[in-house]
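this one's sequence-less:
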């Protein structure tokens, strides 16, 4: 049964993609219906797969040769993320019924969305590192296609290309890891290296560990690869929710958590992971404070919250990281889809033109406020419990303590920009003549379950810890009941400290007029933050260097077939000579 469910969870979205494409754009209602049906079916299959997460069922497809066996296993970590990708993905598809109404090229849109969901499921369920790399690259390709969906918009195309190029650094890191594993073991089996990392020499294991760190950082938009995610906001908003909450950016955190038992002993690796998470959380939170684009605020908050998860992995808090991934997936999907309802209604993303929209959008205001409170980490929403567990993990295992102090500061910054965002959009006086209306029926159908989940998913803490504990023995995750986890959070001294910092963030926004002098003093920081702390300049320099190199190399392309063939033959002879000489090497 588990084998069939694995195949259905991966295959149903891909089959739906083919049907939506084949239906043709002359039948939009059929395309909407097919997309919703196949995405819901995949979500149901993923949920039915969860009970098998403790059984270590393995599907093996014999490929042979250098590819090894393509294997899939529904352990707790894999089935949990498969459920996140398909369930939240299906809600994004339902939301699209209203949001994408009257849009052209629906077949292309739904085909890539469903293909994206299926690839993410394959990525988290496979135990073959080379096959994981293949799914990894499919998610990169589909994200590029979706970010650039409005291909007559230069900003959208540029955002898609930027995402594709930067995430390729991550793909290179993962490929290096796969090749190192195969070169030393003759296999791409992930479970073998996790169970016994000693089968790799120390140097090879270090190459693999830091290659996977680069892969995770690029995929999850972590320092220093964080600049691609805000530009991905040019995608249709349901796609933004899909990328930020359900699929692509979660892959990097998943990769680091998956390989933690193998890499935790590599000198400097855990410290590097914590540093990447801390810097990402801090820089993105500061950028969110000054952002005026609603979707960009949410994009920066995604980078920051993923930074919390990466920090937790480095600190050894695997359960805390994955529990926050679950919480974040729900409340961030709620926030992005809520923002989509606002943008779809008023026609702008600029919060400076909004204000007072809650009067005309009471349902959207309600669910958005729920999501924002979870993002800020207020009790008793899901974001509070999981974020506090991360801070506890940092206190218990995450030396140096100054990093934990930075993460506490980020908690206050998160509260500040969350309240700022809600106030600028839904409260105060209107700052422009915008004709707002509440969400449509399909939008409400998608938003309501996410709002309920934001209020209740923390009740799954105990079951989730048992699932991970029983299916991931190498990770040494202790199983606790929900009551024990909640009591641990409520009695931990750092919880009170975090709540005081969050309260300080709220007070700073509430008393913003009295703090106008502080704002003027931070003008330099604002300018620096709005320019991505110089990372955009680095990106432009890399692009310019690549363009100049391409121009110089263009002279080698004569257009004469004979010369081109000659170059290929010379290169082939050179490769064969290297291989022949290498045969005799020890």
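Happy to help now that I have it. Everything numeric here is computed off the predicted structure, so don't read it as measured data.

going by C-alpha atoms from here, please, whenever you check contacts or count neighbours.
OK.

which residues touch residue 148?
156-161, 234-235 (C-alpha atoms under 8 Å, 6 or more residues apart in numbering).

rerun at 6 Å
Counting by C-alpha atoms under 6 Å, 6 or more residues apart in numbering, residue 148 makes contact with 156-157, 160.

which pLDDT does the model give it?
Residue 148 is assigned a pLDDT of 89 by the prediction.

how many neighbours does residue 532 have?
Number of residues near residue 532 (other C-alpha atoms under 10 Å) recorded here: 17.

can you add neighbour count and secondary structure and give the contacts of residue 148 back as JSON lines?
Formatted as JSON lines, the contacts of residue 148 follow (neighbours: other C-alpha atoms under 10 Å; DSSP: H, G, I helix; E, B strand; the rest coil):
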{"residue": "156", "neighbour count": "24", "secondary structure": "helix"}
{"residue": "157", "neighbour count": "23", "secondary structure": "helix"}
{"residue": "160", "neighbour count": "29", "secondary structure": "helix"}
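
can I get those in TSV with pLDDT and distance to residue 87?
As requested, the contacts of residue 148 are exported to TSV (pLDDT from 0 to 100; distance: C-alpha to C-alpha, whole Å):
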residue	pLDDT	distance to residue 87
156	87	27
157	87	28
160	87	25
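
and which of the residues you listed is nearest to residue 88?
Lowest distance from residue 88 to these (C-alpha to C-alpha) belongs to residue 160, with 22.1 Å.

correct me if wrong: the closest one contacts residue 144.
Yes - counting by C-alpha atoms under 6 Å, residue 160 does reach residue 144; the two are 4.4 Å apart.

and the pLDDT at residue 55?
According to the prediction, residue 55 has pLDDT 65.

what segments of the stretch 301-450 of the chain are helices?
Here the stretch 301-450 of the chain has its helices, by DSSP state H, counting those that start in this stretch, at 318-346, 362-376, 382-397, 401-426, 441-456.

closest to residue 167 out of those?
Residue 167 lies closest, by C-alpha to C-alpha, to one member of those: helix 318-346, at 20.1 Å.

can you give me how far that closest one is from the chain middle?
11 Å (C-alpha atoms, centre = their mean, to the nearest Å).

what about the strands in the stretch 1-150 of the chain?
59-62, 69-72 (DSSP state E, counting those that start in this stretch).

would you turn those into JSON lines with mean neighbour count, distance to residue 439 and mean pLDDT?
Below are those laid out as JSON lines (neighbours: other C-alpha atoms under 10 Å; distance: least, C-alpha to C-alpha, whole Å; pLDDT from 0 to 100):
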{"stretch": "strand 59-62", "mean neighbour count": "14", "distance to residue 439": "43", "mean pLDDT": "76"}
{"stretch": "strand 69-72", "mean neighbour count": "21", "distance to residue 439": "40", "mean pLDDT": "83"}
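
where does the prediction get shaky in the stretch 401-550 of the chain?
516, 519, 542-543, 546-547 (pLDDT under 70).

for the chain, same thing?
Residues of the chain that meet the cut-off, pLDDT under 70, sit at 55-57, 64-66, 398, 516, 519, 542-543, 546-547, 556-559, 578-586.

could the strands of the stretch 1-150 of the chain go into CSV alongside distance to residue 220?
Below are these laid out as CSV (distance: least, C-alpha to C-alpha, whole Å):
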stretch, distance to residue 220
strand 59-62, 28
strand 69-72, 23
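
ok, and the closest non-adjacent residue to the residue nearest the centre of the chain?
Nearest to the geometric centre of the chain sits residue 249, at 1.6 Å (C-alpha atoms, centre = their mean). Counting by C-alpha to C-alpha, 6 or more residues apart in numbering, the nearest residue to residue 249 once its immediate chain neighbours are dropped is residue 220, at 4.1 Å.

quick one, phi/psi of that neighbour?
Residue 220 adopts backbone torsions of phi -90, psi 10, taken as degrees, to the nearest 10.

one step back: pick the most deeply packed of the helices of the stretch 301-450 of the chain.
Stretch with highest mean neighbour count among the helices of the stretch 301-450 of the chain: helix 318-346 (a mean of 26; mean count of other C-alpha atoms under 10 Å).

tell me the domain ranges of the chain?
Domain ranges of the chain: 2-530, 541-583, per automatic domain parsing.
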